[in-house]
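[1] After the sequence you'll find the predicted model.
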Amino acid sequence: MPDFKSNTKEVDVLIIGAGPSATVAASILHKKGYTVHIVEKQKFPRFVIGESLLPRCMENFQKANLIETIESHGFQKKFGAMFAKADEYCDFEFANQFTEGWGWTWQVQRADFDKVLAEEVQNRGVTLEYETEVTDVKFENDGSSTTTVKNKDSEYYIKARYIVDSSGYGKVLPRLLNLEKPSNLPPRTSIFCHVKPRQVSESPERKRIIIIVHLDNVWGWVIPFSDGTSSIGMVGDSEEMDNIKGSMEEQMRHWIANVQALRDRFTDSEFIFEPRKIAGYSSDVKQLHGKGYVLTGNASGFLDPIFSSGVTLATESSALAAELIEKELEGEPVDWDLSYTEHIKKGNAVFKAFIEAWYRGDLQKIFFSENRNEKIRKQICSVLAGYVWDQNNPFVTKPERILANLSQVIR
């Protein structure tokens, strides 16, 4: 029987996971003087999807004092989103949006990006342990907790006043506390890889994400990186995607050959790694917080890769969670339902309305309409930039109704 006391570390805040959600929260809390301990199951660098950021992220990186660190590593700057449909293009420039805010962000290889942020918070004094897995958590009535963690050498305990679960798809607390529930979005599948084109284009589109309209229920992406490589992928209804047979490379080559925007750019391109496939990725949870813990980022659920909402919601939730934890640890009353759950769910609802409108085909009709209203374009651009909490934007306050009505008018 191990000696509990000698195998126990005491901290203010335990953070599970070391992605952007974790490092934003850690940086904010550490800056306020709290002891923060991060445990990460994997060893960095490691591959993860979610490579095209949105300008709204910048505000959260700014709160965490991480802008300068990111800037110094030369990631590809992103100034907008381009939608491609055969030979037609619809371009949104983030600087020309309705909401006042950032007009650019980055496109990043997440293996490098996440490692840069993790190393930065370590340099600031945050303890971070890789290859360390959470196996059990016990909460006391006051919200404090004892977490059992295990690395390759030993098992030990972490006593914390608060836990932030930023474990992403690992969903550590949702699994341990039975908080998972099915998503009400249809099951979809994505196949993706990184490619090195034979000739690197220097056109302005390198500063964009390119979203490709292929079939009613199948779309693709191109995310250029600063080193000349790109992330490419296809997403669609699982049944449609499963119709393509062969190895992962053969399936990806099929899409490159049959999707014009990919064929024009990446025929005969070198694959940097074997393509990967993720099926049924949408997820949800019963609640976003409880006594002594909060779920942030993908640990609190995931919608869909269209519109690149993942890192925005991850950093938004973690920055807000850190601010509320600080208040609670200082003895101030915090209404987590009002201040946290309601805020995050509002943003989720806007993204979800746009996602559903995309798969219905309504957004494509709006984007490629011959009669484009400049004010409407600016309001939509703000949502595409991640500003989904702007109550002055009608596409934020009543997205379902206004998207459906606008599509009907265009039709």
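    On my side now, so go ahead.

[2] Would you enumerate the residues in contact with residue 177?
    For residue 177, the contact set (C-beta atoms under 8 Å, 6 or more residues apart in numbering) comprises 137, 290. (Glycine included, C-beta is placed from N, CA and C.)

[3] any idea how far residue 183 is from it?
    Taking C-beta to C-beta, to the nearest Å as the measure, residue 177 falls 18 Å from residue 183.

[4] Could I get the full set of helices for the stretch 251-400 of the chain?
    Applying DSSP state H, counting those that start in this stretch to the stretch 251-400 of the chain gives helices spanning 260-266, 310-329, 336, 342-360, 362-367, 374-384, 394-397, 399-410.

[5] what's the neighbour count on residue 258?
    Residues lying near residue 258 (other C-beta atoms under 10 Å) number 12.

[6] how about it, what does it touch?
    No contacts exist for residue 258 under C-beta under 8 Å, 6+ apart.

[7] wait, which of the helices of the stretch 251-400 of the chain is closest to residue 143?
    Shortest distance between residue 143 and those, using C-beta to C-beta, is found for helix 310-329: 8.4 Å.

[8] what's the closest one packed up against?
    helix 20-31, helix 56-63, strand 155-165, strand 293-295, helix 342-360 (3 or more C-beta pairs under 8 Å, 6 or more residues apart in numbering; DSSP states H and E).

[9] what's the neighbour count on the residue lying closest to residue 143 once chain neighbours are set aside?
    Spatially, and ignoring its direct neighbours in sequence, residue 143 is nearest to residue 292 (3.0 Å; C-beta to C-beta, 6 or more residues apart in numbering). By other C-beta under 10 Å, 19 other residues sit near residue 292.

[10] and what of residue 202?
    8.

[11] cool, and residue 263?
    Residue 263: 12 surrounding residues under other C-beta under 10 Å.

[12] For it, give its distance to residue 293.
    Here residue 263 is placed at a distance of 48 Å from residue 293 (C-beta to C-beta).

[13] One more: residue 8?
    19 Å.

[14] neighbour-wise, which of the two wins?
    When neighbours are counted by other C-beta under 10 Å, residue 8 and residue 293 differ, and residue 293 comes out ahead with 23 against 13.

[15] partner residues bridging the nearest residue to residue 217 once chain neighbours are set aside?
    Spatially, and ignoring its direct neighbours in sequence, residue 217 is nearest to residue 237 (4.5 Å; C-beta to C-beta, 6+ apart). Residue 237 has these beta-bridge partners by DSSP bridges: residue 188.

[16] how much space between residue 237 and residue 308?
    Relative to residue 308, residue 237 is positioned 20 Å away (C-beta to C-beta).

[17] Looking at those two now, which is surrounded by more residues?
    Taking other C-beta under 10 Å, residue 237 and residue 308 do not tie; residue 308 has more neighbours (25 against 17).

[18] Look up how far residue 266 lies from that one.
    20 Å.

[19] what about the strands in the stretch 151-300 of the chain?
    Counting by DSSP state E, counting those that start in this stretch, the stretch 151-300 of the chain has strands at residues 155-165, 180-181, 188-196, 208-215, 218-224, 230-237, 270-271, 276-279, 284-285, 289-290, 293-295.

[20] what's the first-to-last distance across stretch 351-368?
    One end of stretch 351-368 sits 20 Å from the other (C-alpha to C-alpha, to the nearest Å).

[21] contact partners of it?
    Under the contact criterion C-beta under 8 Å, 6+ apart, stretch 351-368 has outside partners 83, 85, 88, 90, 185-186, 213, 216-217, 219, 303-304, 306-307, 309, 313, 376, 380, 383, 388, 399-400, 403-404, 406-407, 410-411.

[22] run the last query once more with 6 Å
    Outside stretch 351-368, the residues that touch it by C-beta atoms under 6 Å, 6 or more residues apart in numbering are 83, 85, 88, 90, 213, 216, 303-304, 306-307, 309, 399-400, 403, 406-407, 410.

[23] do the same with stretch 20-31
    13, 15, 36, 38, 60, 64, 117-118, 121, 124, 126, 164, 166, 296-297, 311, 314-315, 318-319, 321-322.

[24] Going through the residues you listed, which ones are buried?
    The neighbour-count test (16 or more other C-beta atoms under 10 Å) marks 13, 15, 36, 38, 60, 64, 117-118, 121, 126, 164, 166, 296-297, 311, 314-315, 318-319, 321-322 as buried among the contacts of stretch 20-31.

[25] thinking again about what came up before, got a ChimeraX select line for the buried ones in the contacts of stretch 351-368?
    Applying 16+ other C-beta under 10 Å to the contacts of stretch 351-368, the buried members can be selected in ChimeraX as follows:
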select :83,85,90,213,303,304,306,307,309,399,403,406,407
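
[26] give me the low-pLDDT residue ranges for the protein?
    Applying pLDDT under 70 to the chain flags residues 1-6, 201, 411.

[27] give the contact list for the most centrally placed residue in it.
    With the centre of the chain defined as its mean C-alpha position, the nearest residue by C-alpha atoms, centre = their mean is residue 310, 2.0 Å away. By C-beta under 6 Å, 6+ apart, the contact list for residue 310 reads residue 50.

[28] How about residue 115?
    With C-beta under 6 Å, 6+ apart, residue 115 has these contacts: 44-45.

[29] Tell me the spacing between it and residue 18.
    9 Å.
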